[in-house]
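Q: build the 3D model from these lines:
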Amino acid sequence: MDFEKVEAGFPQGWSGYGTGKPSNYKISLDSVHTRSGKYAVSIEYVGDNPDSEVGILFFVPNTYQGKKITLSGYIKNKKVTDGFSSLWMGIDHPDGKNFVASGTVKNVNETSDWQKYELTLDMNPANTRQFILSVSLSGTGKVWFDDLKLTVDGKDIEELTPYEIPPFASESDKEFDKGSMIDFPDLNQQKTDDLVLLGKIWGFLKYHHPAIAKGEYNWDYELFRFLPDYLQADDNKQRDRLISEWIEKLGAVPLNTIDRPVLGEVFIKPDLTWVENSDMDNGLKEKLRYIYQNRHYGHHYYVLIEHFGSPLFLHENKYEQMSVPDAGFRLLALYRYWNMVHYFYPSKYLTDKKWDEVLAEYIPYFMDINDRLGYERTVLRMIAEIRDSHAANLLEGGDQIRRSGGRWYSPIKVRFAEDKLVVSGYRALRDTVLTSEAADSVMGLKKGDIITHIDGKPVQAIVDSLRMYFPASNEPTRLKNMEFEMLRSNHPVVRLNYLSSGESRKKDIRLLHPYYIEFYPSDTIRYGLIGKRKDIGFIRDEILREEDVPVIRKVFAHTKGIVIDLRCRPVLAGRALSSWFASSETPFKKCTRGNPNHPGEFYFTPCDTVYPSKGPSYKGKVVVLVDENTLSEGEYQAMMFRAGQNTVILGSQTSGADGRVSDIFLPGGIKTWISGFGVYYPDGGQTQRVGIVPDIEVKPTVKGLAEGRDELLEKAIEVVEKESLLSTKSSK
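A: The predicted model follows:
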């Protein structure tokens, strides 16, 4: 890693990368400006528009036994502006999709001689695939790197032997690969209560008991071994004895005298009231208290709080081979999901129902399933209980639900406005000959028409019947998610009752195979000038490119205002604009993350801050458009832009699910998400479910849809014009 070995004129083992145009930067070996040896690596900006970041990567394709890994190196800067030079290191998780940890150190000096920088990360050998290192330049200027070194607990990595991860005992357990082989009796109230208690104890042991945390047991299959005897228990005394014996078989739990550091201001404490409030005998309660007080500390086989703060659920078998999981695996799905939410979902306290009630309610539902569609629907109903727009559907394993919605689609676009289902436009058709019949069938329907019945069913009744299968943080987002499905059918024709200019009408609409419908037409306008005098900037964040940002700053510098459309899924490039709007360092959010050594505890992290860029900040009015389509990254960027000194948020309630997501896998090959950490304003104000509350509320109206107007954009232009007029009068 000292750049002394060269291959084809490039440092051996390193590869270039860049998030912008490589032609804007030159990466080369330099034999003149070195700190030691023959070569250093230089990265120089030689283009017209500085890209976000360009650098080189090095992969260390092994893991090593140790506690701390340190990357050190020397950096020299020359006229580095609008950015920085940096060293970066990531610990790559075996799934290839997540980092166990990562970090960056930056040289923010415009010009500096050789300086040493170090970056140290906590190691997790058992959950590491490889280490990834990079050196990079962001902005303009030139930078040199030399004498990079990687050490583990102070020892040079080149002197160490790669660590071979030993197989976990749990991974050799194959007894129930073909089914749980459990016969469940008819469930009375007592048996249901016993299964509720078992689900809580199973999850408690999974995340607290040291032997399970070390991967010594396949905890899914231990449930199946225990259930047959447990289901035969005649009374509480026998039940508690069986549980106590089960816990004792796991082995003794040693006293844990490790000091557990305080990680931050505790926001949520673990909820173990179920132990004290249960009808278990005191001996069993004491066993659980002891395990809690001496719970596992350190790397966990089943969960990791990754560096972004979200839980990463490990070694969770998806059991994809099971089309319809048997009753034992269905109970496992409920237990697994319920406990993941109970211990690692940061917004559990915001659910409509008490989470304890959900477990008891869904045990009969999961037992009473006969086919794949019933299983998918039951899982989706359970997911909907957490009221999280990130968990809006089954990302994998939901084929039957998708098919049940209908294989024919309408060429009509609809949306909810003023609590009504309104025609908002028409979809583009790919083949005008084959779709001419469908096009003819919608003649007479116009924008602004209000659909009241579909195939004779009132729209509100349809909405009420679908509500449980459309997870969302709030009602506007739920209705938005339903809009696409309202006119789907397994029949090629649907009959609509609708109001047109106040007159009741009926019409049969011909539906189409999805091949013939252009659902997502491309929008090529990333930014431009709008307003009567073309003196207001407009940015569509969804398709913005990183190379657009410096151009926007130049072109929009003297506009009277800028409108940023976040009614979409924006790209990361939009974040770079926030520093232009801030005149001073401004905190814009803080988060809660789970404590990996105290399941169920969540603590606040320090606030994230928008830092002003070098040079003058933007002086005009900034209006950010949001609505129920503004989700996750869109809400994050809205918070960043709000930190600007002259920014307003305009529109309606956003989706209410900010922050990074965590994958959850359930039997039958099902995948879903949860919001992995809590997002709050610096003062602790809530964003989950609430969303980003606009400063100026504007919603589409039936009249506006009928006239084909974008009422939010019109209001944004009005706000900018009014601000500009007031500013002009004030200056006079």
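
Q: so E714 versus I564, what's the distance?
A: 16 Å (Cβ to Cβ, to the nearest Å). The way it works is simple: take the backbone N, C-alpha and C, and place the C-beta from them, glycine included.

Q: neighbour count winner among those two?
A: More crowded of E714 and I564, by other Cβ atoms under 10 Å: I564, with 27 against 12.

Q: my guess is that one contacts K621, does it?
A: No. I564 lies out of contact with K621 (Cβ atoms under 8 Å); the separation is 11.4 Å.

Q: where in the stretch 601-732 of the chain is pLDDT low?
A: Along the stretch 601-732 of the chain, segments meeting pLDDT under 70 span 728-732.

Q: in the stretch 151-300 of the chain, which spans are helices?
A: 189-208, 210-213, 219-231, 236-249, 273-277, 282-293 (DSSP state H, counting those that start in this stretch).

Q: cool, and the stretch 351-500 of the chain?
A: 355-367, 372-384, 399-404, 436-441, 459-466, 475-483.

Q: can I get these in CSV with mean pLDDT and distance to E718?
A: As requested, these are exported to CSV (pLDDT from 0 to 100; distance: least, Cβ to Cβ, whole Å):
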stretch, mean pLDDT, distance to E718
helix 355-367, 96, 45
helix 372-384, 97, 38
helix 399-404, 93, 42
helix 436-441, 66, 36
helix 459-466, 96, 32
helix 475-483, 95, 23
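
Q: now those as TSV including mean neighbour count and distance to I664?
A: Output for the helices of the stretch 351-500 of the chain, formatted as TSV (neighbours: other Cβ atoms under 10 Å; distance: least, Cβ to Cβ, whole Å):
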stretch	mean neighbour count	distance to I664
helix 355-367	18	15
helix 372-384	21	9
helix 399-404	14	17
helix 436-441	15	39
helix 459-466	14	23
helix 475-483	20	19
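
Q: would you mind putting these into CSV with distance to G139 alongside?
A: Formatted as CSV, those follow (distance: least, Cβ to Cβ, whole Å):
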stretch, distance to G139
helix 355-367, 47
helix 372-384, 43
helix 399-404, 45
helix 436-441, 52
helix 459-466, 50
helix 475-483, 38
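
Q: nearest to D627, of the helices of the stretch 151-300 of the chain?
A: D627 sits nearest to helix 189-208 of all those, at 37.7 Å, using Cβ to Cβ.

Q: list the helices and strands that closest one packs on?
A: Where contact means 3 or more Cβ pairs under 8 Å, 6 or more residues apart in numbering; DSSP states H and E, helix 189-208 is packed against helix 210-213, helix 219-231, helix 236-249, helix 282-293, helix 327-344, helix 355-367.

Q: name the residues of the third one that are buried.
A: What that stands for is helix 236-249. 236, 239-240, 242-244, 246-247 (16 or more other Cβ atoms under 10 Å).

Q: and it, how far from the chain's centre?
A: With Cα atoms, centre = their mean, to the nearest Å as the basis, helix 236-249 stands 40 Å off its chain's centre.

Q: what helices or strands is it leaning on?
A: Counting by 3+ Cβ pairs under 8 Å, 6+ apart, helix 236-249 packs on helix 189-208, helix 219-231, helix 282-293.

Q: mind putting those helices into TSV with mean neighbour count?
A: Listed next are the helices and strands packed on helix 236-249 as TSV, based on neighbours: other Cβ atoms under 10 Å:
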stretch	mean neighbour count
helix 189-208	20
helix 219-231	19
helix 282-293	15
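
Q: quick one: which of those is nearest P587?
A: Closest among these, once you apply Cβ to Cβ, is helix 189-208, at 32.7 Å.

Q: can you list contacts of the closest one?
A: Residues lying outside helix 189-208 but in contact with it, judged by Cβ atoms under 8 Å, 6 or more residues apart in numbering, are 185, 187, 212-213, 219, 223, 227, 230-231, 233, 239, 243, 247, 250, 272, 274, 278, 280, 288, 291-292, 295-296, 300, 302-303, 331, 334-335, 338-339, 342-343, 359-360, 363-364, 599.

Q: tell me who's in contact with C591.
A: Residues in contact with C591 (Cβ under 8 Å, 6+ apart) are 309, 604-605, 608, 659, 677-680.

Q: which SSE is it in?
A: Counting by DSSP states H and E, the element that carries C591 is strand 586-594.

Q: just the angle between that strand and helix 327-344, please?
A: 140 degrees (axes from the mean of the first three to the mean of the last three Cα atoms, to 10 degrees).

Q: quick one: V549 is in a helix?
A: Yes. Under DSSP: H, G, I helix; E, B strand; the rest coil, V549 falls within a helix.

Q: surely it is in contact with V571?
A: No. When contacts are counted by Cβ under 8 Å, V549 is not listed as touching V571 (10.9 Å).

Q: so which of the helices and strands packed on helix 236-249 is nearest F556?
A: Of all the helices and strands packed on helix 236-249, helix 189-208 comes closest under Cβ to Cβ, at 50.6 Å.

Q: what is the mean pLDDT for that closest one?
A: Helix 189-208 shows a mean pLDDT of 97.

Q: tell me if I'm right that V100 and I305 touch.
A: No. Assessed by Cβ under 8 Å, V100 is found out of contact with I305, at 9.9 Å.

Q: for this structure, where's the lowest mean pLDDT among helices and strands?
A: Within the chain, confidence by mean pLDDT, DSSP states H and E is lowest for helix 436-441 among all helices and strands, at a mean of 66.

Q: hang on, the earlier thing: could I get the helices and strands packed on helix 189-208 as CSV with distance to L487?
A: Output for the helices and strands packed on helix 189-208, formatted as CSV (distance: least, Cβ to Cβ, whole Å):
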stretch, distance to L487
helix 210-213, 49
helix 219-231, 42
helix 236-249, 52
helix 282-293, 53
helix 327-344, 32
helix 355-367, 29
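
Q: quick one, which of those is nearest to L666?
A: helix 327-344 (4.5 Å).

Q: could you list every helix and strand in contact with that closest one?
A: So helix 327-344, by 3+ Cβ pairs under 8 Å, 6+ apart, packs with helix 189-208, helix 219-231, strand 311-313, helix 355-367, helix 372-384, strand 661-666, strand 670-675.

Q: any chance of JSON lines for these, columns distance to R540?
A: What follows is the helices and strands packed on helix 327-344, written out as JSON lines (distance: least, Cβ to Cβ, whole Å):
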{"stretch": "helix 189-208", "distance to R540": "44"}
{"stretch": "helix 219-231", "distance to R540": "46"}
{"stretch": "strand 311-313", "distance to R540": "33"}
{"stretch": "helix 355-367", "distance to R540": "39"}
{"stretch": "helix 372-384", "distance to R540": "31"}
{"stretch": "strand 661-666", "distance to R540": "24"}
{"stretch": "strand 670-675", "distance to R540": "25"}
